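Peer 1: dropping a prediction and its sequence here:
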Amino acid sequence: MSTLQKLEALLDYATAAKTFKLELPYTFNFGRDVVDAQAAKADKPALIWRNEAGDERRFKFSDVARLSSQIAHQLTSLGLKKGDRIVVLLPRLPEWQLTMVACMKIGAIPIPCIEMLTHKDVAYRVTNSGAIGAITTVANITKFESCSGITVRLTVDARCDDWAYLGDSATQPTTFECDDTALDDAALLYYTSGSSGNPKGVLHASRGIYAWRLSAAWWQTLVESDIKWCTADTGWAKAGTGILFGPWSRGSCVFFYDGKFDAQQRLELLAQYRVSVFCAPATEFRHLVGLSVKSHDLSALRLCVSAGESVNPDVVRQWHAMTGAQLLDGYGQTETLMTILNYPCMPVKPGSMGKPLPGLHFEVLEPENNQNILGDNQEGQLAMRLPSEQFMLGYWNDPQRTRKAMTTIAGHDYWLTGDLGYRDEEGYLFYNGRTDDIISSAGYRIGPTEVENALQEHPAVIESAVVASPDEERGEIVKAFVLLQPDVQASAQLVTELQEHVKAVTAPYKYPRKIEFVTSLPKNPSGKLMRKVLRDREFEKVPSTPGD
């Protein structure tokens, strides 16, 4: 019996769901207790990096331990200390993992950010978080020009005036006395789009980083012999669990690719690097299922997973027929990371998110008041019982928003996910959409207000409403209903102009792929924009009973 088979034999979901309780250490520092510990335990491959040009770099756990320790020394010499926030804005480079681990060894709080952020996006995160540090590439340093509070500045790829250079860390000591991080010490800060206003900071404790290994064990069944590839961008919470915290906690090697999406090349890389566990958004799988795999040896590929948007059941079937590998859907949020999943050890129901991770408990609540627990096949808001090791410390500097997202029922506190769904009679959970206006497009979460604010800055626009619109490829896309100034004529040229304007003002992936010019927008008696009316019209929503 293989190592994997032995592991799967132990994964009895029904028993674990009733009895499992995560045992936490007294303290936890990912850099010390995972990276350094893996290097000492069995120095094996930890990271294989490849870019579009074919360049390749490989690291063992001992390399990561040594290099991250040297970077930690460099950062402390520049003035970084425990509790300081530092923006890590990097493309898919090994320096992303190395600097993230280095920050955690110090006890500093990294803020992972995607490279597509504009200078305005970066300035907001720096100001809101009170960050004093920035780690980035030379190409991105201009995004920090207006951030006067940044005193620790580090480039990873070349020297630049007024910025320290990562290459100089080579002269630093190769071991580091890591911070003895308490379980509820802040360890990581993500920014995630909300349905209104600016992105909100989601602060996680070290206990969360420790607990995220559960989905790597149960959902992905990762073992030390695995090579894991997750295509998530570096600023996504999924990148943390899928590229860094989950696989390395399990001793697995990570394949990390820096290049544009090309469906045919995805298959080539899966075969060439003998990837055994592959994680990608549903959008990618929709492109991949139409290709031939006859010329690619995918025999190493044993499991695929997806999260961020639902995978169509037909795509799941086609992928399995094409590769022989299961494709398991999963659900999670930036505030909790992966929580409801399908597992190799239990039957999969088409369209279902699966069941909660052992140790977690979910209920479906009446959406009107979030006080009544609903029965089987009744649609309501999904709520996770607290306390949970995976749950965030709270929204950054916003305790009121944190409290507003919770409720208490029969003496138990619950986190209100903002997602609608239902549970069937066998305990499987199904996703039915958001209770708010968040748009989920190809795995990206996009807040409508951010796009509306960008459109508002164009002189031709009086007002706009931004909603999700169904799309076969991306699941949802951004659509804007735009009210123009009286002297402005609607045209195809103006559509392009507005799209390019949004790309320039905010992160390009947020631009409206559809624009419709209107003479009025739906509002309630108090003047509040009713996006739901427009969204329902886009989806031609027809009331139905779950399970029909």
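Peer 2: Yes, it's here.
Peer 1: show me the helices in the stretch 1-150 of the chain, by range?
Peer 2: Taking DSSP state H, counting those that start in this stretch as the criterion, the stretch 1-150 of the chain carries its helices at 3-10, 13-19, 30, 37-41, 61-77, 94-106, 119-129.
Peer 1: equivalent analysis for the stretch 201-350 of the chain, please.
Peer 2: When assigned using DSSP H, counting those that start in this stretch, the helices of the stretch 201-350 of the chain occupy the ranges 206-211, 213-218, 237-239, 246-249, 263-272, 282-288, 313-323.
Peer 1: and of the ones you listed, who's closest to residue 495?
Peer 2: With C-beta to C-beta as the measure, helix 282-288 is the member of the helices of the stretch 201-350 of the chain nearest residue 495 (23.1 Å). Bear in mind the C-beta positions are built from the backbone N, C-alpha and C, glycine included.
Peer 1: buried ones in the closest one?
Peer 2: By neighbour count on 16 or more other C-beta atoms under 10 Å, the buried set for helix 282-288 is 282, 283, 284, 285, 286, 288.
Peer 1: ok, the fourth one - contacts?
Peer 2: By that I understand residue 285. For residue 285, the contact set (C-beta atoms under 8 Å, 6 or more residues apart in numbering) comprises 304, 306, 311, 315, 319, 327.
Peer 1: low pLDDT regions in this structure?
Peer 2: For the chain, the stretches flagged by pLDDT under 70 are 1-11, 194-196, 524-528, 541-548.
Peer 1: how many residues are close by residue 184?
Peer 2: Neighbourhood size, residue 184 [other C-beta atoms under 10 Å]: 11.
Peer 1: hmm, back to that, with respect to residue 391, which of the helices of the stretch 201-350 of the chain lies nearest?
Peer 2: The nearest among the helices of the stretch 201-350 of the chain, by C-beta to C-beta, is helix 206-211 at 7.2 Å.
Peer 1: ok, and what's touching that closest one?
Peer 2: Residues contacting helix 206-211 (C-beta under 8 Å, 6+ apart): 22, 24-25, 27-30, 104, 181-185, 187-188, 240, 245, 249, 337, 388-392.
Peer 1: one more time with 6 Å, if that's ok
Peer 2: Residues from elsewhere that reach helix 206-211 (C-beta atoms under 6 Å, 6 or more residues apart in numbering): 28, 30, 181, 183, 185, 187, 245, 389, 390.
Peer 1: same list (those residues) but as JSON lines, adding neighbour count.
Peer 2: Formatted as JSON lines, the contacts of helix 206-211 follow (neighbours: other C-beta atoms under 10 Å):
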{"residue": "28", "neighbour count": "23"}
{"residue": "30", "neighbour count": "26"}
{"residue": "181", "neighbour count": "26"}
{"residue": "183", "neighbour count": "18"}
{"residue": "185", "neighbour count": "19"}
{"residue": "187", "neighbour count": "27"}
{"residue": "245", "neighbour count": "25"}
{"residue": "389", "neighbour count": "18"}
{"residue": "390", "neighbour count": "28"}
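Peer 1: give the contact list for the residue nearest to residue 131 when sequence neighbours are not counted.
Peer 2: Leaving aside its sequence neighbours, residue 131 sits nearest to residue 85 (C-beta to C-beta, 6 or more residues apart in numbering; 4.1 Å). Residue 85 makes contact with 109, 111, 129, 131 under the criterion C-beta under 6 Å, 6+ apart.
Peer 1: which residue, other than its chain neighbours, is closest to the first one?
Peer 2: If the residues on either side of it in the chain are set aside, residue 109 comes closest to residue 85, at 4.9 Å by C-beta to C-beta, 6+ apart.
Peer 1: ok, now how distant is the one you found from residue 335?
Peer 2: Distance from residue 85 to residue 335, counting by C-beta to C-beta, to the nearest Å: 18 Å.
Peer 1: with residue 523 instead?
Peer 2: The gap separating residue 523 from residue 335 is 30 Å, by C-beta to C-beta.
Peer 1: out of these two, which sits in the busier spot?
Peer 2: The neighbour comparison of residue 523 against residue 335 (other C-beta under 10 Å) goes to residue 335, with 26 against 13.
Peer 1: surely the more buried one meets residue 392?
Peer 2: Yes. When contacts are counted by C-beta atoms under 6 Å, residue 335 is listed as touching residue 392 (4.7 Å).
Peer 1: which neighbours do the two share?
Peer 2: The contact sets of residue 335 and residue 392 overlap at residue 202 (C-beta under 6 Å, 6+ apart).
Peer 1: circling back to that earlier point, looking at the helices of the stretch 201-350 of the chain, which is nearest to residue 61?
Peer 2: Once the helices of the stretch 201-350 of the chain are compared by C-beta to C-beta, helix 246-249 is nearest, at 7.8 Å.
Peer 1: can you give the contact residues for that closest one?
Peer 2: Taking C-beta under 6 Å, 6+ apart as the rule, helix 246-249 contacts 34, 212, 213, 216, 222, 228, 254.
Peer 1: between these, which is closest to residue 274?
Peer 2: Distance to residue 274 across these (C-beta to C-beta) is lowest for residue 228, with 11.4 Å.
Peer 1: that closest one and residue 45, how far apart?
Peer 2: As judged by C-beta to C-beta, residue 228 and residue 45 stand 11 Å apart.
Peer 1: who has more neighbours out of those two?
Peer 2: residue 228 (25 against 16).
Peer 1: residue contacts, that one?
Peer 2: By C-beta under 6 Å, 6+ apart, the residues touching residue 228 are 247, 252, 254, 277.
Peer 1: now swap in residue 355 and tell me
Peer 2: Counting by C-beta under 6 Å, 6+ apart, residue 355 makes contact with residue 427.
Peer 1: how big is the angle separating the host helix or strand of it from helix 313-323?
Peer 2: Per DSSP states H and E, residue 355 falls inside strand 352-356. Here the directions of strand 352-356 and helix 313-323 differ by 90 degrees (axes from the mean of the first three to the mean of the last three C-alpha atoms, to 10 degrees).
Peer 1: in its sheet, what does strand 352-356 sit against?
Peer 2: Strand 352-356 has the following strand partners under DSSP bridges: strand 337-341 (antiparallel), strand 429-434 (antiparallel).
Peer 1: got JSON lines for those, with mean neighbour count too?
Peer 2: Listed next are these as JSON lines, based on neighbours: other C-beta under 10 Å:
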{"stretch": "strand 337-341", "mean neighbour count": "26"}
{"stretch": "strand 429-434", "mean neighbour count": "19"}
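Peer 1: okay, those strands in JSON lines with distance to residue 506 next?
Peer 2: Output for the strands paired with strand 352-356, formatted as JSON lines (distance: least, C-beta to C-beta, whole Å):
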{"stretch": "strand 337-341", "distance to residue 506": "25"}
{"stretch": "strand 429-434", "distance to residue 506": "20"}
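Peer 1: from the contact counts, what lies against the host helix or strand of residue 364?
Peer 2: Remark: residue 364 resides in strand 362-365, with elements defined by DSSP H and E. Strand 362-365 is packed against strand 380-386, with contacts defined by 3 or more C-beta pairs under 6 Å, 6 or more residues apart in numbering; DSSP states H and E.
Peer 1: great, nothing more from me.
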